[in-house]
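> what's the 3D shape of this:
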Amino acid sequence: MTAALLLISAGDQAWWAGDRRAAAESWRAALEAAGTTAPDRAAEAMARMRLLHVQGNYAPVWHGPLLERALAACPAEEPWCGIAAADRHLWLPAFTGADPSQVAGLLEKSPLEGPASARRAWAAADPSLLHGELDGMGEGIRTHGARAVDPGTWVLGIGLSAAPGAGVGAAGRFTHPDLFYGRHLLQLQGGGDSRGGWLASGSLLAWTGGARPLVAVGGGRQVQNYYSAAGDLTIFPLASGWGMLGAQVSGQAGGGRGQLLIAGQYRAEAIQDRRWQSGGLWLRGAWVAGAGRAEATAEAGLIREGEGGAGPYGGGTLAWIGGPEAAGGRLLLRPAAEVMAGAPFFRSPSGGGARLLRGLPVGRWRAEGPIPALASAQIEYRHGLIGPLRGQVFADTAWIDGPHATIGAGVALELPPLPYNTTRLEFGYGVGPQEAGVWGLVLAWGEAF
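Alright, predicted model coming up:
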């Protein structure tokens, strides 16, 4: 290996270990060490496709053209150029033409047995394919498994939103997954809409090597819709502020990995002359195994309206998200249940807007009764169209004091780094017994689920 290729190998091993700082430093050093020989052209291409993952959402603009130029200057007969061509299918997003299923064919006759076996193992998610003298990627896969930890990259994004009954809005979001290269997760978000609503929030999930402390604060103003059983509409401004302090733990078992966040929270809310204060325990859990992800949240505590006495409140959500590859796309399902008892009416589970019962007005159906609850099932088929443009068709169903359903279709723009930078435009049409013929357009930043 040349000096540049050795630095690529060292960076790969650090990346699989979850050390973004060491990986980024090695890959940048590989660019500086790369000369004009064929192996160094391969090293330059490999470094640039990796730096796309660590240098923010401007990185594709800077590295993309130079990456393609380095690959074009890399002779096909050079073994390391074959490795770089295979890496392109593993490191780049699908809309660039990357296809991991091509890796085995590209490297079938490669004389670099160890590095070639690492790429085949990654593409097939099968570490048993490793053999020969391994490079850093192979060592990383052997030690940590066929999927890198991938702490991600910082993202500064601006997105638009619109939905029936919600006006038009815009939001900005800054996410940094390892602040100061310390694996501290910083998230900042702010935005507003044409109805006079606004929101600002921030959180820091610190890295300590064990349980991760969390501190989060936020506040804002929303203009919400409330529909009576007869369909009458009331519009009210809701002001709120909240804070949270807790810790997150993570672990792996049985082929899956999970997270659990436990925190205490305080919330203050107001509608004109009505005031609520609440405090209690908040939990969030997630478990990822295979092609599915289970998610759950729960909260419980005491709530007080005005100067009156405090009473208990509690609730939570439970959902599963996953589905198979199908006909060149992916079929996704999301069955879910949600309940919230003892809280103000505007915190009751509801449907309508950009995520559930898409196309109906925001909050069109809101669970009521002593224990407000809903059950829902969503199905969506996503398929690539041209470049980063994706198409999807969907059906949303929910039981909210009765059955409701919408169907629809739309397009989404998926820009790197995924999944942070997806914008979708969808048309939803009501087909339930009480919303047949109702339709709406949704513009949203981020996936529905």
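
> correct me, but Ala444 touches Ser161?
Yes - contact criterion C-beta atoms under 8 Å: Ala444 and Ser161 qualify, at 5.5 Å. C-betas here are computed from N, CA, C, even on glycine.

> joint contacts of these two?
Shared contacts of Ala444 and Ser161 (C-beta atoms under 8 Å, 6 or more residues apart in numbering): Ala354.

> neighbour count for those two, which is higher?
Per other C-beta atoms under 10 Å, whichever of Ala444 and Ser161 has more neighbours is Ala444, with 23 against 20.

> before we move on, which element is that one in?
strand 439-445 (DSSP states H and E).

> which elements pack onto that strand?
strand 155-163, strand 422-430 (3 or more C-beta pairs under 8 Å, 6 or more residues apart in numbering; DSSP states H and E).

> tell me which of those strands sits most buried.
strand 422-430 (a mean of 20; mean count of other C-beta atoms under 10 Å).

> from the chain's centroid, how far away is that one?
Computed by C-alpha atoms, centre = their mean, to the nearest Å, the chain-centroid distance of strand 422-430 equals 18 Å.

> just the CA coordinates for it, please, in CSV.
Output in CSV follows, covering the C-alpha atoms of strand 422-430 (Å, rounded to 0.1, in the frame of the first residue of the first chain):
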residue,chain,number,x,y,z
THR,A,422,-35.9,14.9,2.9
THR,A,423,-38.7,17.2,1.6
ARG,A,424,-42.0,15.8,0.4
LEU,A,425,-45.0,17.1,-1.5
GLU,A,426,-48.1,14.9,-1.1
PHE,A,427,-51.8,14.9,-2.1
GLY,A,428,-54.1,13.2,0.4
TYR,A,429,-57.8,12.3,-0.2
GLY,A,430,-60.3,11.3,2.4
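
> low-confidence ranges in this protein?
For the chain, applying pLDDT under 70 flags the ranges 149-152, 181-182, 416-420.

> what about the helices in it?
Here the chain has its helices, by DSSP state H, at 3-16, 20-33, 38-51, 59-72, 79-91, 103-106, 113-124, 136-144.

> most packed of these?
Highest mean neighbour count among the helices of the chain (mean count of other C-beta under 10 Å): helix 38-51, a mean of 25.

> tilt between the strand holding Ala444 and strand 422-430?
160 degrees (axes from the mean of the first three to the mean of the last three C-alpha atoms, to 10 degrees).

> would you check that Gly428 makes contact with Gly440?
Yes - contact criterion C-beta under 8 Å: Gly428 and Gly440 qualify, at 5.8 Å.

> which neighbours do those two have in common?
With C-beta under 8 Å, 6+ apart, Gly428 and Gly440 have common neighbours 358-360.

> looking at the residues you listed, which has the most residues close by?
Arg358 (31 neighbours).

> in contact with it, which residues?
Arg358 touches 394, 396, 406, 408, 426, 428, 440, 442, 448, counting by C-beta under 8 Å, 6+ apart.

> swap the cut-off to 7 Å and go again
394, 396, 406, 408, 426, 428, 442, 448 (C-beta atoms under 7 Å, 6 or more residues apart in numbering).

> give me the beta-bridge partners of the fifth one?
Taking DSSP bridges, one finds Gly410, Val442 as the beta-bridge partners of Glu426.

> now the closest residue to Gly140 other than its chain neighbours: how far from Pro335?
Excluding the flanking residues, the one nearest Gly140 by C-beta to C-beta, 6 or more residues apart in numbering is Trp16, at 2.6 Å. With distances taken as C-beta to C-beta, to the nearest Å, Trp16 is found 34 Å from Pro335.

> equivalent analysis for Gly231, please.
On the measure of C-beta to C-beta, Gly231 and Pro335 end up 28 Å apart.

> then Glu32?
Counting by C-beta to C-beta, the gap from Glu32 to Pro335 is 51 Å.

> need the contact list for Gly402.
Gly402 sits in contact with Gln434, where contact means C-beta under 7 Å, 6+ apart.

> again, only using 10 Å
By C-beta atoms under 10 Å, 6 or more residues apart in numbering, the contact list for Gly402 reads 365, 432-434.

> farthest pair in those residues?
Trp365 and Pro433 (12.0 Å; C-beta to C-beta).

> higher neighbour count, the two?
Taking neighbours as other C-beta under 10 Å, Trp365 and Pro433 compare with Trp365 leading, 24 against 10.

> picking up where we left off before, can you list residues touching both of Trp365 and Pro433?
Contacts common to Trp365 and Pro433, judged by C-beta under 10 Å, 6+ apart, are 402, 404.

> need the longest strand for this structure.
In the chain, with assignment by DSSP state E, the single longest strand is strand 233-253.

> and that one, C-alpha only, in PDB?
The C-alpha coordinates for strand 233-253 follow below in PDB (Å, rounded to 0.1, in the frame of the first residue of the first chain):
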ATOM      1  CA  LEU A 233     -64.100  24.900  14.100                       C
ATOM      2  CA  THR A 234     -62.500  26.900  17.000                       C
ATOM      3  CA  ILE A 235     -59.100  28.500  16.500                       C
ATOM      4  CA  PHE A 236     -57.000  29.300  19.600                       C
ATOM      5  CA  PRO A 237     -53.300  30.300  20.200                       C
ATOM      6  CA  LEU A 238     -51.400  28.100  22.500                       C
ATOM      7  CA  ALA A 239     -48.200  29.300  24.200                       C
ATOM      8  CA  SER A 240     -45.900  26.700  25.800                       C
ATOM      9  CA  GLY A 241     -42.500  26.300  27.300                       C
ATOM     10  CA  TRP A 242     -40.700  23.100  28.600                       C
ATOM     11  CA  GLY A 243     -37.500  21.800  30.000                       C
ATOM     12  CA  MET A 244     -36.100  18.300  30.400                       C
ATOM     13  CA  LEU A 245     -33.100  16.700  32.300                       C
ATOM     14  CA  GLY A 246     -32.200  13.100  32.100                       C
ATOM     15  CA  ALA A 247     -29.900  10.400  30.700                       C
ATOM     16  CA  GLN A 248     -29.800   7.900  27.800                       C
ATOM     17  CA  VAL A 249     -28.400   4.400  27.900                       C
ATOM     18  CA  SER A 250     -27.700   2.100  24.900                       C
ATOM     19  CA  GLY A 251     -27.000  -1.600  24.400                       C
ATOM     20  CA  GLN A 252     -27.000  -4.500  22.100                       C
ATOM     21  CA  ALA A 253     -28.500  -8.000  22.500                       C
END
